[in-house]
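1. Need the 3D shape of this:
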Amino acid sequence: KIWAQTEVKLKEYRAKFEAEWNPVCESILTKMSSVAKLPWKTESINAHLVDCVYGASSWIRDVVFPPFPIIDIEKKLLAHEIAHILVPDYFLKTKLQNLGLDSAISHTIVDLIAYFGVKEHVTDPERRGIMPNPNYYVQVSKLHPIFEDCYKNPDRYQNFDEILEQIKL
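-> So this is what the prediction gives:
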């Protein structure tokens, strides 16, 4: 009985979300790649809408995320998990450690990539749940201007390592 009810709600939500996500997803993915100065190595990502998870998770080609009542926040949540695929933890944390940077900022970097990816496709980019929260993300106030510069001036940095060098400064 529970699945019969949940399945109907998930299908309705999926249709509503896809109507908002599908027209902008290529733009979001392109912007994320541009901001991070990293190419996509994955041709497709499977997104699984799951009603019984708290938060979301991503793997090599899969993302699991819950339905969220505010579609713009859902776009950001999905973009965040997709950003983990673009910039995997093992890759990012190794680079940070090699530069003597605190690997705790890795999640902040991922969230900023997601934020600038969806920024043009949400009604209020400053809204809680969309804008990276300084109470949750380590050093977001320091890193935000660097990624905003990457967003506004895409030709300024040639690769991801140059962005990390700017963070180190």
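2. going on from the helix or strand bottoming out on mean pLDDT in the chain, what's the next piece of helix or strand?
-> Every helix and strand in the chain was compared by mean pLDDT, DSSP states H and E; the lowest is strand 57-58, with a mean of 67. If you walk from strand 57-58 toward the C-terminus, the next helix or strand you reach (DSSP states H and E) is strand 62-65.
3. Tell me the buried residues in that following strand?
-> By neighbour count, and taking 16 or more other CB atoms under 10 Å as the criterion, the buried residues in strand 62-65 are 63, 64, 65. C-beta coordinates here come from the backbone N, C-alpha and C atoms, glycine included.
4. now swap in stretch 23-34 and tell me
-> Along stretch 23-34, the positions that meet the burial threshold by neighbour count (16+ other CB under 10 Å) are 24, 25, 28, 29, 31, 32, 33, 34.
5. try stretch 157-169
-> Of the residues in stretch 157-169, those buried by neighbour count under the rule 16+ other CB under 10 Å are 157, 160, 163, 164, 166, 167.
6. for the residues you listed, which one is nearest residue 123?
-> residue 163 (28.1 Å; CB to CB).
7. host element of that closest one?
-> For residue 163, the host element (DSSP H and E) is helix 160-168.
8. residues near the residue nearest to residue 119 when sequence neighbours are not counted, how many?
-> In space, residue 119 comes closest to residue 125 once its chain neighbours are excluded; the distance is 4.6 Å by CB to CB, 6 or more residues apart in numbering. Residue 125 is surrounded by 15 other residues when neighbours are defined as other CB atoms under 10 Å.
9. List the contacts of residue 125.
-> Neighbouring residues of residue 125 by CB atoms under 8 Å, 6 or more residues apart in numbering: 115, 118, 119, 131.
10. buried set for the longest helix along the chain?
-> Selection of the longest helix in the chain by residue count, based on DSSP state H, yields helix 2-21. Of the residues in helix 2-21, those with enough neighbours to count as buried (16+ other CB under 10 Å) are 10, 13, 17, 21.
11. Can you tell me the element the closest residue in space to the last one that isn't next to it in sequence falls in?
-> If the residues on either side of it in the chain are set aside, residue 21 comes closest to residue 75, at 6.4 Å by CB to CB, 6+ apart. In this structure, residue 75 sits in helix 71-86 according to DSSP H and E.
12. what distance separates that helix from the centre of its chain?
-> How far helix 71-86 lies from its chain's middle: 4 Å, per CA atoms, centre = their mean, to the nearest Å.
13. by contact count, what packs against that helix?
-> On a contact count with 3 or more CB pairs under 8 Å, 6 or more residues apart in numbering; DSSP states H and E, helix 71-86 meets helix 2-21, helix 25-36, strand 57-58, strand 62-65, helix 106-118.
14. Many thanks, have a good one.
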